[in-house]
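J.: Sharing a model that was predicted from the sequence below.
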Amino acid sequence: MRNRTLCRATLCAFVLILALLPLSGATPEFWITQLNYIGLASLVVVGLVLLTGVGGLTSFGQAAFVGIGAYTTAWLTTQAGWSPWLTLLAGLVITAVLAWIIGVITLRLSGHYLPLSTLAWCLSLYYLFGNLEWLGRNDGISGIQPLSLFGWSLGSGRSIYYLIWFCVLLSVWATLNLLGSRPGRAIRALRGGAGMAEAFGVNTAAYKTVIFVYAAMLASVSGWLYAHMQRAVSPSPFGLNYGIEYLFMAVVGGAAHVWGAILGSAVILGLKDQIQNIVPKLLDTSTNIEMIVFGVLLVLMLQYAAQGLWPGLSAFWRRLWRVRGTSLPVTATVIDPAAAELPCRVRPEKGSLVLEVDHIRKQFGGLVAVNDISFRVRAGEIVGLIGPNGAGKSTTFNLVSGILPLTSGEVRFLGQRISGRSAREIAQTGMGRTFQHVQLLPEMSVLENVALGAHLRSHVSVPAGILRLDRAREASLLKEAARQLERVGLGAYLHEQAGNLALGQQRLLEIARALAADPVLLLLDEPAAGLRYREKQELAAVLSQLREEGMSILLVEHDMDFVMRLTNHLVVMDFGSWLAEGSPEEIQRHPAVLEAYLGGVEEGDEA
Ligand SMILES: Nc1ncnc2c1ncn2[C@@H]1O[C@H](COP(=O)(O)OP(=O)(O)OP(=O)(O)O)[C@@H](O)[C@H]1O
């Protein structure tokens with residue numbers, strides 16, 4: 001709680017200082033101008049933090065969107081006589097449409113192709129601004145009128161200052177709200193890889209486009225403010241070098257920290273200015289050496305503060321005020337026991353067919369990983385899929401859950417054909433899963449990781465998340481996540497960072513996340529791996545309880561003791577093919593299984 005109070009007090013002091021600075025006649029005009037530029041840059045960088053730091057999509061091209069906002073208002077106010085407030089809307093609409101088109105085309109690219117494509121469209125827009133006759137070519141457009149609000153002219157640096165910083169604080173508030181909501185969790189999951197997020201029903205392509213458009217719109221607002229502050233626009237501030245500088249600001253501030261955007265902008269612009277003043281005096285040279293010094297300082301900063309300056313600064317601030325125990329994040333939500341329950345799925349009758357796998361096959365080039373496998377899972381039954389290493393169990397899981405496409409065969413779930421559907425569509429039908437290699441979001445809290453599992457059980461739009469209209473639904477979602485964590489024995493770790501948990505606990509967390517999706521069928525890939533004996537017993541008790549409640553479970557597991565005690569039915573695979581099927585007792589006596597698998601395990605156990 002002290003942590004939260006300190007944050008609020010620091011924020012109030014920051015806003016108060018910001019508000020009072022221009023009122024004092026002693027504040028030099030240069031400071032106000034510099035703060036205005038920091039505010040304009042911060043607006044762009046807040047968007048970049050969401051896009052690059054949080055979403056993992058690197059963009060060098062944000063300066064071009066600043067240009068769209070600036071040129072839209074410059075042309076419409078000077079040539080068409082529009083009100084600047086109307087041109088703000090026009091700029092936002094034009095930017096959103098353009099960003100959406102660019103996003104849909106380029107965001108499918110992965111690895112270094114995406115940053116390269118941002119370079120390409122930034123250069124294209126820059127040259128477009130400089131070549132169009134009606135945009136004044138390289139001279140740009142001048143004579144832009146200052147803004148006025150309720151008759152109050154914002155023509156001076158001191159008056160537009162308030163509007164700029166109002167927009168910056170609004171953008172920080174909106175972005176923090178968005179990140180703390182259901183769509184925000186989905187956006188934060190983008191870095192964890194599309195496979196994991198899609199398995200919980202997150203439309204990763206749509207969320208990538210959303211953050212791309214959001215960041216572009218913030219840049220456009222910055223351009224609109226810039227045009228009315230400068231009263232003239234020309235192509236140079238919207239070129240690639242500015243795009244790179246914005247990215248530097250995000251990285252230096254702390255790419256994944258929203259407040260780091262302001263810090264990074266202030267550091268880079270302040271540093272540039274100071275170097276330009278000091279270096280020529282020190283070195284007594286007329287050559288343009290300051291950019292070299294600036295570059296070296298940046299490299300050093302990235303070397304020694306790779307996470308950016310924000311984490312270090314906030315830790316120092318907490319130490320200064322002797323605030324201990326940083327595990328409870330400022331955004332941590334207290335679970336509301338009175339929150340409404342999330343709606344639950346209608347469960348199939350015990351014993352009815354849930355999953356039908358018919359002659360499925362998967363070929364990786366010349367390797368047949370899964371060869372003509374068929375089995376059934378019924379409601380209220382735990383089916384084990386076992387076999388030696390490399391037998392094809394995980395591949396079978398991935399085929400059933402839609403992570404991998406089938407080469408041939410058919411999978412039906414609750415009577416519907418699901419083969420050919422995407423992992424996201426299959427998740428919607430009521431299939432939850434865990435992964436062989438734990439796939440969590442290590443920097444997110446345990447509670448939020450599990451809340452991601454319930455993504456499809458609540459519908460909160462991006463605007464609702466931004467405006468905090470989602471509080472009741474968010475409370476229900478977090479209450480459900482907490483309930484599932486209690487169920488698997490992790491109730492004491494709700495606000496712990498997921499990355500701080502031991503491997504066994506991380507596996508339990510994955511099970512809680514899958515349960516939060518309210519699945520009809522649970523696919524568990526080696527859930528007992530890394531668990532201690534007692535933890536395994538507790539897990540077995542949880543799974544037995546789930547079976548009693550009518551849940552169907554398909555389980556891949558190497559711990560034979562665990563499998564034999566828990567399952568109703570076993571399917572044995574070897575070299576991708578079906579080897580045997582039956583009850584645990586039958587399988588334990590099956591000669592082919594004993595030879596291919598169980599015999600080997602016993603020997604290994606003895607060793
Ligand atoms: N994406 C892939 N590309 C090529 N080969 C693959 C791919 N995924 C799996 N394989 C191969 O398919 C075979 C089956 O692998 P799979 O991971 O399904 O086995 P498994 O029974 O789950 O093994 P383990 O118990 O060790 O996890 C292996 O030979 C593996 O190397």
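T.: In hand now; what should we look at? Fair warning: this is a prediction, and the values are worked out from it, not measured in the lab.

J.: Setting aside sequence neighbours, what's the nearest residue to Phe575?
T.: In space, and not counting its chain neighbours, Phe575 is closest to Ala391: 6.6 Å by Cβ to Cβ, 6 or more residues apart in numbering. Every residue, glycine included, has its C-beta placed from N, CA and C.

J.: what's the distance between that neighbour and Leu385?
T.: Per Cβ to Cβ, to the nearest Å, Ala391 is found 9 Å from Leu385.

J.: Looking at these two, which is more packed in?
T.: Of the pair Ala391 and Leu385, Leu385 is the one with more neighbours under other Cβ atoms under 10 Å, namely 28 against 23.

J.: check whether the helix or strand hosting the more buried one contacts the ligand.
T.: For Leu385, the host element (DSSP states H and E) is strand 382-386. No. For strand 382-386, no contact with the ligand is found by Cβ under 6 Å from any ligand atom; the gap never falls below 8.5 Å.

J.: ok, and what's touching that strand?
T.: Taking contacts as Cβ atoms under 8 Å, 6 or more residues apart in numbering, the residues outside strand 382-386 that touch it are 375, 377, 393, 396-397, 543, 547, 552-558, 560, 563, 566-573, 584, 587, 597.

J.: try 7 Å this time
T.: Strand 382-386 has contacts (Cβ atoms under 7 Å, 6 or more residues apart in numbering) with 375, 377, 393, 396, 543, 547, 553-557, 563, 566-573, 597.

J.: same check, this time on stretch 35-43
T.: Stretch 35-43 is contacted from outside by 157, 160-161, 164-165, 167-168, 171, 218, 221-222, 225-226, 229, 246, 249, 261-262, 265-266, 269, using Cβ under 7 Å, 6+ apart.

J.: try 6 Å
T.: Counting by Cβ atoms under 6 Å, 6 or more residues apart in numbering, the neighbours of stretch 35-43 from elsewhere in the structure are 157, 161, 164-165, 167-168, 171, 218, 221-222, 225-226, 261-262, 265-266, 269.

J.: ditto for stretch 494-514
T.: 328, 332, 432-434, 438, 440, 442, 444-447, 449-450, 453, 482, 484-485, 488, 490, 522, 527, 530-531, 535.

J.: Just list the residues touching Arg421, thanks.
T.: Listed by Cβ under 6 Å, 6+ apart, the contact set of Arg421 reads Gly402.

J.: Narrow the contacts of stretch 494-514 to just the buried residues.
T.: 328, 332, 432-434, 438, 440, 444-447, 449-450, 453, 482, 484-485, 488, 490, 522, 527, 531, 535 (16 or more other Cβ atoms under 10 Å).

J.: From those, which land in strands?
T.: Residues of the buried ones among the contacts of stretch 494-514 located in strands (DSSP state E): Gly432, Arg433, Leu522.

J.: The nearest residue to the last one once chain neighbours are set aside sits in which helix or strand?
T.: In other words, Leu522. Leaving aside its chain neighbours, Leu522 sits nearest to Ile553 (4.7 Å; criterion: Cβ to Cβ, 6+ apart). According to DSSP H and E, Ile553 maps onto strand 552-556.

J.: swap in Ala64?
T.: Residue-wise, Ala64 maps onto helix 62-78 under DSSP H and E.

J.: Show me what that helix packs onto, helices and strands only.
T.: helix 84-106, helix 113-131, helix 204-230, strand 232-233, helix 240-253 (3 or more Cβ pairs under 6 Å, 6 or more residues apart in numbering; DSSP states H and E).

J.: Now for the most centrally placed residue in the chain: which residues touch it?
T.: Centroid-nearest residue in the chain: Arg188, 1.7 Å away (criterion: Cα atoms, centre = their mean). Applying Cβ under 6 Å, 6+ apart, one finds that Arg188 lies in contact with Val54.

J.: repeat that for 10 Å
T.: Contact analysis of Arg188 by Cβ atoms under 10 Å, 6 or more residues apart in numbering lists 50, 54-56, 179-180, 197, 207, 256, 441, 443-444, 448-449, 452.

J.: how about the residues you listed, which pair is most distant?
T.: Farthest pair in the contacts of Arg188 (Cβ to Cβ) is Leu50 and Asn449. Separation: 19.7 Å.

J.: and the residue nearest to Thr52 when sequence neighbours are not counted, how many neighbours does it have?
T.: Nearest residue to Thr52, sequence neighbours excluded (Cβ to Cβ, 6+ apart): Thr58, at 5.2 Å. Using other Cβ under 10 Å, Thr58 is surrounded by 19 other residues.

J.: Could you grab the helix/strand/coil label for the residue of the stretch 101-250 of the chain at minimum distance from the ligand?
T.: Closest approach between the stretch 101-250 of the chain and the ligand, counting by Cβ to the nearest ligand atom: Gly195, at 11.5 Å. Look at Gly195: counting by DSSP: H, G, I helix; E, B strand; the rest coil, its state is helix.

J.: What residues does the protein have near the ligand?
T.: Going by Cβ under 6 Å from any ligand atom, the residues of the chain near the ligand are Phe364, Leu367, Ala369, Gly387, Asn389, Gly390, Ala391, Gly392, Lys393, Ser394, Thr395, Gln436.

J.: Looking at the residues you listed, which two lie furthest apart in space?
T.: Using Cβ to Cβ, the pair of the residues of the chain next to the ligand lying farthest apart is Leu367 and Gln436, separated by 18.1 Å.
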